[in-house]
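Enquirer: Structure for this input, please:
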Amino acid sequence: MELAGDTMPIIQERSSALEKIYVLLRAVSDRYEMHRNVGEQRDNWNSLLLNSVNMMMLTATATAAFAGALSPGGAGVLAAKVSSAVLFSADTGIMMIVNKIQPSQLAEEQRFASRLFKQLESEIKMLIDTKPSITEMDVNEFTGKILALDRAYPLPLLGAMIEKFPPKFSPAKWTSPDKYSPLPKKSPHDYDMNGWSAELEAEMRAIIRVIKQKDKKDFMRLGNSALKLNKALAVAGPFLTVAAAVASAFSVPTAAAAAGALAIVVNTLEHGGQVGMVVELYRNCAGFFETLENTIEGALKEDDPQRRENGEVFERKVAMSLGRSLSEMRELARKATAMAKEEEESEEVDECASKLF
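Expert: The predicted model follows:
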């Protein structure tokens, strides 16, 4: 009876942890639906605002051109000038708001957040199905992941929205590097290596080197270029509509019509081409490679293989994340290691680590 009494707190603790993990599972499922629905809504915003603004500018441009065709001094000329100036002014205000919030970029944020929450939901379900006993450590780990995603992809627009035009392009961060408490090093004979070997560790270090030199670097470069283009278009659109409004008010119909037509082209290129979405896509891809890099480095920093994920499973997971077979990934690691041994680290490997992007 005493033994049963001693085990009762342990059973209660496991039951409590299991209940908490189910609470987290419901929260993750709810967040997935929220981000998916909000993403669809913001994608609709982009289409509706693009069409509305372009129609207003087209009307204002046609009105300004029509004013130039009327005889000077007539009542129709004044009405056309006022109408086109008001429409161009309204377009300026709406374009500034749309350029500030970047609906296509907002939609891409929510699409990516939906994917990550769906992935997290699968991880929790797998934990429940495969682990005999859920602990408070598991609960705390997944709570941290949920809160990290909440911070990385906020739902509100006011106050919490991700800066759409940061001074410097940087990867998305939805996880933090794993922190391990260092343990005393043991002899390899003291424990099972858990699928790890010196060759596998060298392979993972080589993959990290390729990711840094090629994949992450390429997406940072592309992201910077897309961000600069988006900034230029976001400034050019309102500038052209202001110029058109002023030209229309001061009876320069040709200039007003030309500026209005250019504004339509710029607005269509920016929001019809979804340049903001492209920026977010590159930001998320760079964040993916940074997260993968942190995951591999975190595993290698752990001295005790028993506290790592099984080496064979981990290797396959990395290969699938990069869209490669095990043999392709090992060959890439061999080439990267050979270059490093030949003291050619300044030269880049001639291929990217990932075949997915």
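Enquirer: what's the closest non-adjacent residue to residue 98?
Expert: Take residue 98 and drop its neighbours on the chain: the residue closest to it by C-beta to C-beta, 6 or more residues apart in numbering is residue 49, 5.2 Å away. Heads up, the C-betas are built off the backbone N, CA and C, glycines and all.
Enquirer: Give me the distance between the one you found and residue 113.
Expert: Separation of residue 49 from residue 113 (C-beta to C-beta, to the nearest Å): 22 Å.
Enquirer: before we move on, what about residue 107?
Expert: Separation of residue 107 from residue 113 (C-beta to C-beta): 11 Å.
Enquirer: Which helix or strand contains the residue nearest to residue 98?
Expert: Applying DSSP states H and E as the criterion places residue 49 in helix 2-69.
Enquirer: Report the rounded mean pLDDT for that helix.
Expert: If you average the pLDDT over helix 2-69, you get 83.
Enquirer: same for it, what does it pack against?
Expert: Here helix 2-69 touches helix 75-101, helix 103-130, helix 136-152, helix 216-249, helix 253-267, going by 3 or more C-beta pairs under 8 Å, 6 or more residues apart in numbering; DSSP states H and E.
Enquirer: one step back: mind listing the shared neighbours of residue 107 and residue 113?
Expert: By the contact definition C-beta atoms under 8 Å, 6 or more residues apart in numbering, residue 107 and residue 113 are jointly contacted by residue 39.
Enquirer: From the opening residue of stretch 318-326 to its closing one, how far?
Expert: End-to-end distance of stretch 318-326 (C-alpha to C-alpha, to the nearest Å): 9 Å.
Enquirer: Residues contacting it, please?
Expert: Residues contacting stretch 318-326 (C-beta under 8 Å, 6+ apart): 204, 207, 292, 296, 315-316, 328-329, 332, 353-356.
Enquirer: Give me the buried positions along that stretch.
Expert: Of all the residues in stretch 318-326, those buried under the rule 16 or more other C-beta atoms under 10 Å are 318, 319, 321, 322, 324.
Enquirer: go on, stretch 107-118?
Expert: Quick answer for stretch 107-118 (16+ other C-beta under 10 Å): 107, 108, 109, 110, 111, 112, 113, 114, 116, 117, 118.
Enquirer: what's the spacing between the first one and residue 209?
Expert: When distances are taken as C-beta to C-beta, residue 107 and residue 209 turn out to be 35 Å apart.
Enquirer: what do you get for the third one?
Expert: Here residue 109 is placed at a distance of 30 Å from residue 209 (C-beta to C-beta).
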